[in-house]
Each structure stands twice: as structure tokens, then as C-alpha cells.
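Build me a model from this:
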Amino acid sequence: MKLRYISMCFAALALVATSCSDEEEARYLSAGQVSTSYVTISPDGGTAKITLNANADWTMDYEVEYETDKLDPEKGKVNYIEKATQLTMKNDKVDNTWITVSPANGGAGTTEISFTAPATTNDRQSTLKIKIGDSYQTLVVSQKAAASELPLSTVADVVKNGTDGKTYRVKGSCNSIANTNYGNWYMTDDEGNSLYIYGTVDDSGANNWSSFNIEVGDIVTVEGPRTNYNGTIELVNATFIKVEKALLASKETAKTIEKAASTFTLTMTQKGETMQFSVDDNCDWLKFNPSGYSVNDKGDYVFTLEATENTTGATRKGTLYFNSTKGKSSTRLPITITQLATVSEANVTIAALRAKITSTNKKSPDAFFVELKDAMVSFVSGSNFFIEDGTAGLTLYNSELKLKAGDVITGKVWGSGYQYNGVPQATEFHYELAEVTSGATVKPTVVTLAELTADPNKYISRFVRLENATVATAIDVNYTAVTSAGSVTDGTNTVALSHQSTGTYKQKNMTKDDKGTKMYYYFQAAQGATVSFNAVPTLYKGAVQLNIYKADWLK
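Below you'll find the model as predicted:
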């Protein structure tokens, strides 16, 4: 009893101290009091009640101002102040619409107020204020989601027995990382099953890859919906749950070697207590050197491997397996070795490489293994990478490439491609045998319509600039729509324009599930006007077309 008495006295003193030190709080208490300022509603839905003692008229249904935005056809994204009542307020930061309050206003005296909400699967919380005369009393209304966790599935469960559209929580090893912008990577299990994670997001839905700290070999748990994309089983925009760091690490998770017999090394950093290594049983062309391995001055294991000459006429692959254990933890790190079947062609221009891609069947692409010189990445748009060297340009259509504008590729590259709408593109492109330097200045090549139409193959898929072109068909593009794409002419040659979306607009009061609206730049030009702009030429139905991707290309 003594301890309880002391605690109660302490609480009373704390209340007095808070009231005296906070003038605003004192105003609240002088205007009215609530039985509790923290309201909790069951995750299954229901009603929670409080009692208000007010000395003046009160309301929770008063008007407040908040900042929101809209997409204006001529001005783009415009911020403005919106008004709403507190209980109907909903924007990117505040959502009070999930709560029903009854009554929402009243007079002086004692009132019982009910807060009602339906069941939820997500945590949610709102801070509301009761306006009592000219004073305010703050309330926090909270509803925690019921504890519900999906059962843990294996990679095999999802790949072999999963259902498209269903959400799975799956755990497996990170085998390789394809793209760190969106978090695209491959999850595997010990049986060799592979699941593609097409986008990794945090709890807010953001592609925050660096915060996940995922490396090849780590054991990762994610949760997301399953889909089958052209035969590849994927989880799309999977939510990151946790990562268990690997006991093994290697800078090379895949390695390409040339046709000739060769010896090469792989370096492993081990954090475990044991190390085992092996080669695919059916891979007799690849073996570990009899000497096994050595240890460098950093304590890393350096393995020497030998490959025989590839005389099969086709590219072949083998997998090396490295295993490390520590107590009950273990890491199995597979590394894929690709051996090419042909010898590279030296000093090949982009124009010559384009000429090698003649297939129009994406299921039967043309293979290439060539040596490029000073092939610059001039522009990147999503999965489209454009490279050029002065003789021509080539589109690399592959979201897994880790290239950026200003990178220059010199050396051996290999892959395959086919013609899409008459334009050669490489859908598989590997540059690990080449040297890539960064930081080159990218400038568009100035070209006339006469030059472009006379020799389109020289300029297609390149970054170019048109100066002082005459508008043949009016251009009417605003931030919300392309009403008329337009065309330009020099009096003899006329070329159509195409305007690419600059992104997606989502109003502040939209949820992360809302798809939003496609956005464009503002480009208005009447027939006969003179315009200058950057573009990437392509073919559309056999005719040259100028693709404009960015607003700053309209200078």
C-alpha cells in the first residue's frame, strides 16, 4: 500500500508540473477535460467511448486548411491550399476518414463521445482536436492491426505449386542482383529452384534498396504477389522482411570466359568456420586446380580453376558451389561460369554490329561477340539504353544493365538481339570482358532533316538535335495529354514526332495503390513555327520518327 500511495502522489505531481509548464495545456484543462486522451479501437472493428466535460460549446467538425496539389495542363504540378472539415480530412500525410465520431459537436456540460471504425489489416492512427470555445483538447485515436502473418513458403513452394495473384512470404538465398534501382534479384534454394524478385520495397512502398543491405549469398525473406511473366515466376514489388547475412562473399557471382582453354581465379571472403567447394556433376569441362586454394594477405581464399576449350559450337555454362558453416548457420554460394563458343571480332563499329542483327523473331535472335571501341551510352530511359560511336546507334533493351549516360565501353561485348519494328536492338548484352569508364560529356549530334532521311541507319537510336526546324503539323502537348504529336519539315523532308511520358502524377491524397496519371512536358507550336529540340530517332511503320523523352530537350 505504501508503494502504491507514493506512485499515485508522483503521478499527481507530474500532472501539476505539466499543467504549470505548458500554457497551452492549461488552456485545454480550463476549457474542458476528457476521461482519456488516447482512444484505442479493436483491430476487429468496433466502438470506443470517452467522456467530455466542457464549459462551452464544442465541436470536432470544424474546417481546417491543408496543402495539396493538382496537375494543370499548362502549369504542371500546382500546389494549393485546400479546406476540409477535420473529420473528412484526407491527404498524403493525414487520413481521418476511417473514423466515425458521434456526436461531432455539442454544448457545455458532460457528453459521451463514440469513436467507431471497421476492422483493419493495417495499423492506423489519427490525431484529432476538440475545439472548446477558443481552446483545443488533443486526442489520439489508434487502431492496431490484428497480428496476422503469412506462413513461410520455400522457393520451390512458390515456383512449383504457387498461384498467380496470391501473396507469399518466402525465404531463400540471394543468388544474383540484377538491378539496384528497383531491387530486382534472383532468389534460389538448395535444389536449384529460382524465383525472380521483380522490385523490392520497404513498408511505405518505396524502392529503398540501400537500406535492405542485401548481398549475394544472404538469406532473405520477402512478401509479395506471384506472377508468371513469359514463363518466369516472379514476386512483383515484394516487401522486404529481413536479411540474414551470408557466411561467404564474392565480388564475382558470375564470370564469363572465352572459348580457349584457360586458367582463372575466384576470391572468397569467409566468415564461417568451414569451407567446401564443388562443381556441377555434369560439367566435365570445368575443374578446380589440384592445388586447391591459397590464402591472400587479407585472409581471403583464392581458388584456381581450369577450363578446357569450348569446341561444342554453343555457349555453355557450369556452376561452382561454395559452402561455409558456423554452428547451425550455413551459406551456399553458387557462381555461374559462362564459356563463349566463338572468338570475338576485333574493331567492330556500332554500324557493323547493327548489321549483324537481322532476325525479326525474338525467339531466335542473332548472337554476336565483338570488340567495340569508345561506344558511349548517350541516354537511358527505363529499360532502354542507347549506345553510339559516331557510325550508328544501338538500343539495348534490358532492365538489368548497370550502365548510365556518359559511360564509355571499350573492349569485348557479347549477347544477342533481333529487329523490333525494323530497328535492331540487343536484348542480351554483356560487357564484363570490356572496360567501362564513366563521366564522359554527352552532347547531341546536330543533324538536319535532309541528313536524317537520306541515311536513317546512321542516326537511328542516337542522341541528336534538330535546329530551326519548321512545324509542318501543329504540336499540342501539355502536362496531361498529347493532343497532337505534330511533325517538322525543311520543305522537302517531313518527319513525325513522338512524345514520351515524363512520369506518373499522383495527387497527394492518393494512396500507394492508385496508379496515377501519365505526365508529359509542355510543347506548343503552331504550323509554320520554328522549333529546336533534342530527340532519339527510330522507325515507326517504316518511316523515321523523332522520339522526345525529356522537357529539357525542348531548348
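
got a pLDDT number for the most centrally placed residue in the chain?
The geometric centre of the chain, computed from its C-alpha atoms, lies nearest to residue 182 (Cα atoms, centre = their mean), at 2.4 Å. According to the per-residue confidence, residue 182 scores 88 in pLDDT.

Could you do residue 291 as well?
For residue 291, the model assigns a pLDDT of 78.

try residue 252
Reading off the per-residue confidence, residue 252 sits at a pLDDT of 86.

Can you classify it as helix, strand or coil?
In the three-state summary, residue 252 is assigned as coil, counting by DSSP: H, G, I helix; E, B strand; the rest coil.

residue contacts, it?
266, 267, 335 (Cβ atoms under 8 Å, 6 or more residues apart in numbering). For every residue, glycine as well, the C-beta is placed using N, CA and C.

before we move on, which element is the closest residue to the first one other than its chain neighbours in?
Translated: residue 266. The spatial neighbour of residue 266 that comes closest, neighbours along the chain excluded (Cβ to Cβ, 6 or more residues apart in numbering), is residue 303 at 4.9 Å. Assigning secondary structure by DSSP states H and E places residue 303 in strand 301-307.

what's the burial count for the residue nearest to residue 266?
21 (other Cβ atoms under 10 Å).

Settle this for me: residue 66 is touching residue 89, isn't it.
Yes. Using Cβ atoms under 8 Å, residue 66 makes contact with residue 89 at a distance of 6.5 Å.

of the two, who's got more company?
Neighbours were tallied for residue 66 and for residue 89 using other Cβ under 10 Å; the higher tally belongs to residue 89 (21 against 16).

Note down every partner strand of the strand holding residue 303 and its orientation.
In the sheet containing strand 301-307, the strands it pairs with under DSSP bridges are strand 262-270 (antiparallel), strand 286-295 (antiparallel).

Excluding its own residues, what touches that strand? List them.
Contact with strand 301-307 is made by 257, 261-270, 275, 277, 285-289, 291-296, 320, 337, 339, as judged by Cβ under 8 Å, 6+ apart.

re earlier: could you report the distance from the residue nearest to the centre of the chain to residue 220?
16 Å (Cβ to Cβ, to the nearest Å).

what does residue 158 give?
If you measure residue 158 against residue 220 using Cβ to Cβ, the figure is 14 Å.

Also residue 265?
Applying Cβ to Cβ to residue 265 and residue 220 gives a distance of 28 Å.

more neighbours, these two?
Using other Cβ under 10 Å as the criterion, residue 265 and residue 220 rank with residue 220 on top: 22 against 13.

Sticking with the more buried one, tell me its helix or strand.
Secondary-structure assignment from DSSP H and E places residue 220 in strand 219-229.

how about the CA coordinates for that strand, as CSV?
Coordinates of each C-alpha in strand 219-229 appear next as CSV, following Å, rounded to 0.1, in the frame of the first residue of the first chain:
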residue,chain,number,x,y,z
ILE,A,219,19.3,-15.4,-46.8
VAL,A,220,16.4,-13.0,-47.4
THR,A,221,12.7,-13.0,-46.5
VAL,A,222,10.2,-11.0,-48.6
GLU,A,223,6.5,-10.9,-49.2
GLY,A,224,4.7,-10.2,-52.4
PRO,A,225,2.2,-11.3,-55.1
ARG,A,226,3.2,-14.1,-57.5
THR,A,227,3.0,-13.7,-61.3
ASN,A,228,4.2,-15.7,-64.4
TYR,A,229,5.9,-13.4,-66.9
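
ok so, going back, of the contacts of strand 301-307, buried ones?
By neighbour count, with 16 or more other Cβ atoms under 10 Å, the contacts of strand 301-307 hold 257, 266, 268-270, 275, 277, 285-286, 288, 293, 320, 337, 339 as buried.

circling back: format the strands paired with strand 301-307 as JSON lines; extra columns: distance to residue 224.
Formatted as JSON lines, those follow (distance: least, Cβ to Cβ, whole Å):
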{"stretch": "strand 262-270", "distance to residue 224": "30"}
{"stretch": "strand 286-295", "distance to residue 224": "35"}
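
Please identify which helix or strand holds the closest residue to residue 400 other than its chain neighbours.
Beyond its immediate neighbours in the sequence, the residue positioned closest to residue 400 (Cβ to Cβ, 6+ apart) is residue 178, lying 4.0 Å away. Element membership of residue 178, judged by DSSP H and E, is strand 167-179.

same thing with residue 159?
In this structure, residue 159 is located in helix 155-161 according to DSSP H and E.

Give the buried residues for that helix.
For helix 155-161, a neighbour-count test (16+ other Cβ under 10 Å) marks 155, 156, 157, 158, 159 as buried.

so what's the fourth one up against?
This points to residue 158. 168, 170, 195, 226, 233, 235.

ok, now the first one?
Applying Cβ under 8 Å, 6+ apart, one finds that residue 155 lies in contact with 170, 172, 187, 188, 189, 193, 194, 195.

Mind giving me the packing neighbours of the strand holding residue 220?
Using 3 or more Cβ pairs under 8 Å, 6 or more residues apart in numbering; DSSP states H and E as the contact criterion, the neighbours of strand 219-229 among helices and strands are strand 167-179, strand 194-201, strand 232-244.

highest average neighbour count across the ones you listed?
Counting by mean count of other Cβ atoms under 10 Å, strand 194-201 has the highest mean neighbour count of the helices and strands packed on strand 219-229, with a mean of 22.

Identify the residues contacting the very next helix or strand once past it?
Sequence-wise, the next helix or strand downstream of strand 194-201 (DSSP H and E) is helix 209-212. Judged by Cβ under 8 Å, 6+ apart, the contacts made with helix 209-212 from elsewhere in the structure are 180, 181, 182, 183, 200, 202, 220, 240, 243.

buried ones in helix 209-212?
Residues of helix 209-212 classed as buried by neighbour count (16+ other Cβ under 10 Å): 209, 212.

could I get it in PDB with only the CA atoms?
These are the backbone C-alpha positions of helix 209-212, laid out as PDB (Å, rounded to 0.1, in the frame of the first residue of the first chain):
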ATOM      1  CA  TRP A 209      17.500  -0.800 -51.900                       C
ATOM      2  CA  SER A 210      20.400   0.500 -49.900                       C
ATOM      3  CA  SER A 211      18.500   0.200 -46.700                       C
ATOM      4  CA  PHE A 212      18.000  -3.500 -47.100                       C
END
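
Report the mean per-residue pLDDT for that helix.
Model confidence over helix 209-212, given as mean pLDDT, is 94.

ok so, going back, quick one, which of the strands paired with strand 301-307 gets closest to residue 102.
When the strands paired with strand 301-307 are ranked by distance to residue 102, counting by Cβ to Cβ, first place goes to strand 262-270 at 63.0 Å.

roughly how far is that closest one from the heart of the chain?
Distance of strand 262-270 from its chain centroid, counting by Cα atoms, centre = their mean, to the nearest Å, is 32 Å.
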